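>>> Give me a 3D structure for the following:
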Amino acid sequence: MDALLRPAALRGAAEVLLRPCPVPAAAGIYAWYFPVVPRGVPTDGCHVVDGATLLYVGISPSAPAANGKAPSKQTVRQRLRIHLRGNASSSTLRLTLGCLLADELGTTLRLVGKGRLTFGAEGETRLNEWLVANARLAWAAVERPWEIEHQLIKTVVLPLNLDQNRHSPFHQTLSGLRAEQRARARALTLA
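Model prediction:
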């Protein structure tokens, strides 16, 4: 947890996209800090490093399924790149930020194909640019990252995490915003 809460330095999102990439191609946990917090996100009690507020943590791979299904082989490097260049369907963080920043960035959630969510090419590009300008990251290679993630969500204020975080005062508000945006997307004509 020290690597996430007391990192030697926060790294810019653009660094994750470099080759060679500084993020290990291994299982791990990562933390998203933001010097600019999206409007409406409460930050009381949030952890701050170098003027940036910790809002979200994630892991890769996810915990093994209880049904015996083979676990993912995705690495923390792959997962961070998906958050930075994926779409709303491939990243819950992108979905959340796109919904929170809809007015500022002009992002409109849409349902395409077989139920995939996206902010469209222009909206996803604007979100990519916002992330590169505003996200700061810390990460650590960890064999069983779900154990640390669970502990962090229990003990640290993380307003953008929804899973395992019903105790957060922002949980209901954020869940409602995402549900509202999904309902609007379903009402729009499929692209």
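>>> all helices of this structure, in order?
Here the chain has its helices, by DSSP state H, at 2-5, 13-16, 76-85, 92-100, 102-105, 120-134, 145-155, 171-187.
>>> The fourth one - contacts with which helices or strands?
So the one you mean is helix 92-100. strand 52-60, helix 120-134, helix 171-187 (3 or more Cβ pairs under 8 Å, 6 or more residues apart in numbering; DSSP states H and E). Where C-beta positions appear, they are placed from N, C-alpha and C, glycine not excepted.
>>> How far off centre is the first one?
Okay, so that is strand 52-60. Centroid separation for strand 52-60 versus its chain: 7 Å, with Cα atoms, centre = their mean, to the nearest Å.
>>> swap in stretch 41-60?
For stretch 41-60, the distance to the chain centre is 11 Å (Cα atoms, centre = their mean).
>>> Buried residues, stretch 80-88. List them.
Buried residues in stretch 80-88, counted by 16 or more other Cβ atoms under 10 Å: 80, 82, 83, 84, 85, 86, 87, 88.
>>> which residues are contacting that stretch?
Defining contact as Cβ atoms under 8 Å, 6 or more residues apart in numbering, one finds that stretch 80-88 is touched by 13, 16-17, 21, 23, 30, 32, 58, 60, 90-91, 93-95, 98, 109, 116-119, 124, 128, 131-132, 135, 137, 139.
>>> Out of those, which end up buried?
Judged by 16+ other Cβ under 10 Å, buried ones among the contacts of stretch 80-88: 13, 16, 23, 30, 32, 58, 60, 91, 93-95, 98, 109, 117-119, 124, 128, 131-132, 135, 137, 139.
>>> circling back to that earlier point, need the winner for burial among the helices of the chain.
helix 92-100 (a mean of 23; mean count of other Cβ atoms under 10 Å).
>>> C-alpha coordinates for that helix, PDB please?
This file holds the C-alpha atoms of helix 92-100, laid out as PDB (Å, rounded to 0.1, in the frame of the first residue of the first chain):
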ATOM      1  CA  THR A  92     -15.400   1.600 -15.500                       C
ATOM      2  CA  LEU A  93     -13.100   4.600 -14.700                       C
ATOM      3  CA  ARG A  94     -13.600   6.000 -18.300                       C
ATOM      4  CA  LEU A  95     -17.400   5.500 -17.900                       C
ATOM      5  CA  THR A  96     -17.400   7.300 -14.600                       C
ATOM      6  CA  LEU A  97     -15.200  10.200 -15.700                       C
ATOM      7  CA  GLY A  98     -17.000  10.600 -19.000                       C
ATOM      8  CA  CYS A  99     -20.300  10.900 -17.100                       C
ATOM      9  CA  LEU A 100     -18.900  13.300 -14.500                       C
END
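>>> ok and that helix relative to helix 171-187, angle-wise?
80 degrees (axes from the mean of the first three to the mean of the last three Cα atoms, to 10 degrees).
>>> can you tell me the average pLDDT over helix 92-100?
Helix 92-100 shows a mean pLDDT of 96.
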